[in-house]
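**Q** Take this sequence and fold it.
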Amino acid sequence: MREERAVRPAAVAGTWYPGRSDLLRVAVDGYLAGVQPTTLDGRLLALVSPHAGLTYSGSVAAHGYALLRDRKDLTAILVGPSHYHHFDGVALYPEGTFETPLGPVPVEATIGAALLDSDAVVKSLPRPHLEEHSLEMQLPFLKRLVGDLRIVPLLMGRQSRETVDALAGALARVLAGRPALLVASSDLSHYRPAPVAHRLDALVVSDVERFDPEALMDRLETSPEHACGGGPIVSVLKAARALGARHATALRYADSGDQGERDKSRVVGYLSAALTAP
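**A** A predicted model of the protein is given here:
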């Protein structure tokens with residue numbers, strides 16, 4: 001990576017979430033305060049989390065990230081869709097830091113290098129990350145909650161079954177024996193009337209709760225409008241299962257009309273879910 005790309009500037013700070021550290025802390029703490037303490041059955045291995053603007057999806061994302069309240073250090077493997085660049089395979093931001101209003105977040109280069117060696121589907125491609133919000137929107141919660149935080153940023157281009165399966169296999173091989181949290185970044189259906197969105201989204205939520213990545217992949221191949229980051233969800237489900245996860249819990253579902261302007265005529269669906277091992 002060229003030196004000027006070693007620091008990835010925040011792309012949507014000040015628009016999708018507050019760009020001032022004090023305002024961002026207040027916003028994140030407010031969403032977390034609305035989450036009652038939750039005890040899951042087993043060890044947390046992975047989360048599914050939305051990536052819309054904080055005003056719209058922050059209350060949903062908080063239900064997953066509240067599970068990290070007692071974590072002092074963490075390596076988070078962030079897997080999300082690329083909204084602005086189309087490419088084959090999975091783009092890794094291999095080293096350096098991601099800037100946030102709450103301070104820099106270092107990239108865990110060792111795990112990234114192991115993923116590059118594990119499967120050719122993972123490529124060192126910093127460029128798609130520079131404008132992308134799907135991973136950046138996870139950082140306000142992660143950075144606020146975890147003092148010693150490291151990330152492995154992965155963006156999926158074309159979400160083919162082959163890419164999804166290859167990434168799942170690489171993650172399972174590289175993360176075996178390593179303490180890390182997988183995070184699949186995805187919103188659900190987009191810009192449908194709320195009753196239609198809820199019917200579509202309920203199918204995805206059911207696939208996740210049943211821990212059935214194959215059913216979800218079949219659904220996405222037929223109707224990709226179910227989730228913009230459906231491929232990342234399937235990869236994380238499969239990798240988490242290979243790493244020992246056996247339970248999936250939907251923590252919170254809502255749509256964009258529940259917040260912000262409260263317009264229910266064209267909503268986006270949001271899910272927070274946790275995958276745990278016995």
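
**Q** in stretch 115-129, what's buried?
**A** Neighbour-count burial for stretch 115-129, counted by 16 or more other CB atoms under 10 Å, picks out 115-116, 118-119, 121-123, 125-126, 128-129. To be clear about C-beta, it is placed using only N, CA and C from the backbone, and glycine gets the same treatment.

**Q** Give me the subset of these lying in strands.
**A** 122-123 (DSSP state E).

**Q** of the buried residues of stretch 115-129, closest to Leu32?
**A** Proximity of the buried residues of stretch 115-129 to Leu32 (CB to CB) peaks at His129, which lies at 26.4 Å.

**Q** correct me, but the closest one touches Tyr93?
**A** Yes: His129 is within contact range of Tyr93, at 4.6 Å (criterion: CB atoms under 8 Å).

**Q** would you turn the buried residues of stretch 115-129 into TSV with pLDDT?
**A** Below are those laid out as TSV (pLDDT from 0 to 100):
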residue	pLDDT
Leu115	98
Leu116	98
Ser118	97
Asp119	97
Val121	98
Val122	98
Lys123	98
Leu125	97
Pro126	97
Pro128	97
His129	98
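
**Q** Leu102: which of the buried residues of stretch 115-129 is nearest?
**A** His129 (18.6 Å).

**Q** Distance of that closest one relative to Val90?
**A** Remark: distance between His129 and Val90 (CB to CB, to the nearest Å) = 12 Å.

**Q** do Ser185 as well
**A** Distance from Ser185 to Val90, by CB to CB: 13 Å.

**Q** which residues are common contacts for the two?
**A** By CB atoms under 8 Å, 6 or more residues apart in numbering, Ser185 and Val90 have these common neighbours: Val79.

**Q** about what we covered before: mind checking which of the buried residues of stretch 115-129 are in helices?
**A** Within these, residues falling in helices by DSSP state H are 115-116, 118.

**Q** name the helices or strands packed onto the helix or strand bottoming out on mean pLDDT in the chain?
**A** Within the chain, no helix or strand scores below strand 190-192, which has a mean of 93 by mean pLDDT, DSSP states H and E. Secondary-structure packing of strand 190-192 (3 or more CB pairs under 8 Å, 6 or more residues apart in numbering; DSSP states H and E): strand 267-277.

**Q** Given the strand it packs on, what are its sheet partners and their directions?
**A** strand 43-49 (antiparallel), strand 190-192 (antiparallel), strand 247-255 (antiparallel) (DSSP bridges).

**Q** Out of those strands, which one sits most buried?
**A** Mean neighbour counts were compared across the strands paired with strand 267-277 using mean count of other CB atoms under 10 Å; the top stretch is strand 43-49, at a mean of 24.

**Q** residue ranges of the helices in the stretch 1-150 of the chain, please?
**A** 21-33, 54-65, 109-118, 139-145 (DSSP state H, counting those that start in this stretch).

**Q** Tell me which of the ones you listed lies nearest to Thr75.
**A** Per CB to CB, nearest to Thr75 of those: helix 109-118, 6.8 Å.
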